[in-house]
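> Okay, sequence plus prediction incoming.
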Amino acid sequence: MKPADSRIFAEEIESSLSNIINTADAFVAIDYNFCFLYLNQKAEKFYKKNRADLIGMKIEEVFPEHWNFGPFKNAIQSVVARKYVEINYNSPLANNSWVQLTGRPFENYYTLTYRSIDHKESLRKELRREVGKTKRA
């Protein structure tokens, strides 16, 4: 896809998915060749890259070190199969904080939403610790 086509498609995505895009979460739209079509401002912060530098680029070219990362490989399989996916993982892109990646297929693109769940993982660890203490007592 040419950069000009990507920009037009990004505008189409932005207008049709404005309620999702304007969320507090990082939101990305990619095509089925894994090229970035759209990123909101939160996604720019999450990826630590400017939107203009990513639109039209393949994810594998931008983040080769993460392409074979376990949770991301599962997400790739879901994109290829055009299926919904929800994965919780400790993200190296988010300073090793826990995120929930939600992927949704559409006819011409696939959306990825990254939501911070670090606080939930901290609570789970604390609960496991407390349950362990109770069992030992």
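In hand now; what should we look at?
> drop to CA atoms for contacts and neighbour counts, all remaining ones
Fine.
> what residues does the longest strand seen in the chain touch?
Scanning the chain for the strand with the most residues, using DSSP state E, yields strand 97-105. Outside strand 97-105, the residues that touch it by C-alpha atoms under 8 Å, 6 or more residues apart in numbering are 75, 78-79, 82-91, 110-118, 121.
> out of those residues, which are buried?
Among the contacts of strand 97-105, those scoring as buried are 75, 78-79, 82, 84-86, 88-91, 110-118, 121 (criterion: 16 or more other C-alpha atoms under 10 Å).
> among these, which are in strands?
Among the buried ones among the contacts of strand 97-105, the members found in strands (DSSP E) are 85-86, 88-91, 110-116.
> Now pLDDT and distance to Phe63 too, for the residues you listed, in TSV please.
Below are those laid out as TSV (pLDDT from 0 to 100; distance: C-alpha to C-alpha, whole Å):
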residue	pLDDT	distance to Phe63
Val85	95	20
Glu86	94	20
Asn88	90	19
Tyr89	88	17
Asn90	87	16
Ser91	87	13
Tyr110	95	18
Thr111	92	17
Leu112	94	15
Thr113	92	17
Tyr114	92	16
Arg115	90	19
Ser116	89	20
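> what about stretch 59-78, start to end distance?
Taking C-alpha to C-alpha, to the nearest Å as the measure, stretch 59-78 stretches 15 Å from start to finish.
> can you give me the helices for the chain?
All helices of the chain, identified by DSSP state H, fall at 3-16, 18-21, 41-47, 51-54, 59-62, 70-81, 118-136.
> ok now stretch 52-67, how far from the chain's centre?
13 Å (C-alpha atoms, centre = their mean, to the nearest Å).
> In the protein, where is pLDDT below threshold?
1-23, 119-128, 130, 133-137 (pLDDT under 70).
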